[in-house]
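Enquirer: This is the structure alone, sequence omitted:
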C-alpha cells in the first residue's frame, strides 16, 4: 500500500505539474504584478464614438419594449464592443449600457428622444488585463472554472510533493524542517508587518 501511494503521488506530482505549468506560472507572475502595481503604470487607451440608433428602438413609452438585444448587438457588431454586458438602465430620457471585461470597460449613453448616443471605451493595457484574469474580475463562468481547476491542481501538486518527501528517508527531516520554517516565516511576517 505504501509503495502504491508513493507511485501514485510521484505520477500525480509529475504530470499535474507539467499539465498545469503554464497556469501556475501565470498565477505566480500575476501575483507579482498585483502586489507591485507601482512597477507597472496603467497605459489607458480611450476611444470615443458618437452615433445614432433607430428612434423606434429607444423611444417607446413602454420601456419593456425598448430593443435591448438589438442595441447591445449593434454596439458589438458595428463598434466592436466586447466584454460582458454589465448593466442596461432605462430612465425617462436616457438609456445607459455598460460592458466590462478584464482590463476593459465600455459605456454608452443613449438619448431616448432622438436615438443619438455617445460611446466611451477604456482599455487599461496588458498588465491590467492579466491582473483582472488573476482575480477573475469580469471574466465569465468559463474562466472561473479555470481558476478553480488551477487551485485544485496547485493543491494536489503541493500535497503530492509532501507525500513524496515523506518517502525520502535521507531528505525527510531536512524537508520537514524547511516546511515548518516556511510556515513560521509566513506567520511571523503576518503578525509583525503592521496588520
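Expert: Nice, thanks for sending it over. What you are looking at is a predicted structure, and each value in this text was computed from that prediction instead of being measured.
Enquirer: just checking, residue 99 touches residue 105?
Expert: Yes - contact criterion Cβ atoms under 8 Å: residue 99 and residue 105 qualify, at 6.9 Å. For glycine as for every other residue, the C-beta is placed from the backbone atoms N, C-alpha and C.
Enquirer: what do these two both touch?
Expert: residue 83 (Cβ atoms under 8 Å, 6 or more residues apart in numbering).
Enquirer: who has more neighbours, the two?
Expert: More crowded of residue 99 and residue 105, by other Cβ atoms under 10 Å: residue 99, with 23 against 17.
Enquirer: Let me know the average pLDDT across the helix or strand that contains that one.
Expert: Using DSSP states H and E, the element containing residue 99 is strand 94-101. Per-residue pLDDT values over strand 94-101 give a mean of 95.
Enquirer: swap in stretch 152-164?
Expert: Mean predicted lDDT for stretch 152-164 stands at 86.
Enquirer: The closest residue to residue 50 other than its chain neighbours: what's it in contact with?
Expert: Of all residues not flanking residue 50 in the chain, residue 118 sits nearest, at 5.5 Å (Cβ to Cβ, 6 or more residues apart in numbering). Residues near residue 118 by Cβ under 8 Å, 6+ apart: 48-50, 108-109.
Enquirer: Mind doing that once more with 10 Å?
Expert: 48-51, 107-111 (Cβ atoms under 10 Å, 6 or more residues apart in numbering).
Enquirer: go on, residue 17?
Expert: Neighbouring residues of residue 17 by Cβ under 10 Å, 6+ apart: 24, 153-154, 156-157, 160-161.
Enquirer: List the buried residues in the strand holding residue 99.
Expert: Buried positions in strand 94-101, judged by neighbour count with 16 or more other Cβ atoms under 10 Å: 95, 97-101.
Enquirer: List just the nearest of these to residue 83.
Expert: residue 101 (3.1 Å; Cβ to Cβ).
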